[in-house]
Structures are given as structure tokens and as C-alpha cells.
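Q: Below: sequence and its predicted model.
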Amino acid sequence: MTIDQKTVAKIASLARLKIPVEEQNAVAGELNKILAWVEQLNEVDVEGIEPLANVNDAFLRARPDVVTEGGSAQDILANAPSQTADFFTVPKVVE
């Protein structure tokens with residue numbers, strides 16, 4: 001597939017870009033180079049190669065999901081400037 005000046009103008013219109021007419025041929029050339037590079041990538045034999053999720057083959061160390069602190073609402077609310085029951089009270093900001 002090759003991209004010409006007309007295609008560049010259409011792509012620019014769809015992308016809401018203003019590309020001057022005198023630059024459209026240069027942009028078409030750059031886009032054609034990109035497409036040629038992608039075609040070159042399609043020539044690589046990747047049969048039997050697993051997709052990579054992480055280039056380092058590193059795994060995150062998992063720790064047990066255990067609650068270590070809890071039930072300390074009163075300790076947390078001790079720092080609140082104002083509270084109602086077990087909740088922070090804040091000034092109304094929306095009228």
C-alpha cells in the first residue's frame with residue numbers, strides 16, 4: 001500500500017490536522033517509509049515464539065493478603081478536626 005498526497009489530505013482531515021499542501025508530499029513519503037518498515041517486520045518468522053509479558057521474566061513476589069491493622073477508627077478519628085459518630089465531618093462546599 002502506498003500513500004499519496006490525496007490520502008495524506010484525507011488522513012489530515014480525519015485527524016483534524018492542518019498540513020499545508022506543499023508539505024503533504026513529504027508527509028506521504030514519511031508514511032510510506034513507516035509502512036515499509038512494518039512490512040519488513042511482517043517478514044520475521046515468529047512461529048513457536050511465546051508472546052512476552054515482561055522482558056525480564058521477573059515475577060512479583062506475592063505476600064499473603066492478611067489484615068494487620070483494623071478496628072482502629074477511634075485512633076484515626078482522634079486527628080479529625082470534627083467528627084460525627086465514626087465519620088469525618090467536613091464543611092459543605094457545594095451550594
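A: Received, thanks. The structure displayed is predicted, hence computed values, not measured ones.

Q: Mind giving me the packing neighbours of the lengthiest helix in the chain?
A: Across the chain, the longest stretch assigned as helix under DSSP state H is helix 21-42. Using 3 or more CB pairs under 8 Å, 6 or more residues apart in numbering; DSSP states H and E as the contact test, the elements touching helix 21-42 are helix 5-14. C-beta here means a position set from N, CA and C on the backbone, and glycine is covered the same way.

Q: could you dump the helix it packs on to CSV, C-alpha only?
A: Extracted C-alpha coordinates of helix 5-14, given in CSV (Å, rounded to 0.1, in the frame of the first residue of the first chain):
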residue,chain,number,x,y,z
GLN,A,5,-1.0,13.3,-1.4
LYS,A,6,-4.8,12.8,-1.6
THR,A,7,-4.6,10.1,1.1
VAL,A,8,-2.5,12.4,3.3
ALA,A,9,-5.1,15.2,2.9
LYS,A,10,-7.9,12.8,3.9
ILE,A,11,-6.0,11.5,7.0
ALA,A,12,-5.2,15.0,8.0
SER,A,13,-8.8,15.9,7.7
LEU,A,14,-9.9,12.9,9.8
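
Q: quick one: buried residues of the longest helix of the chain?
A: Across helix 21-42, burial judged by 16 or more other CB atoms under 10 Å covers 24, 27, 28, 31.

Q: same question for stretch 14-23, mean pLDDT?
A: For stretch 14-23, mean pLDDT rounds to 95.

Q: What's the end-to-end length of it?
A: 17 Å (CA to CA, to the nearest Å).

Q: Right, I'll call it a day here.
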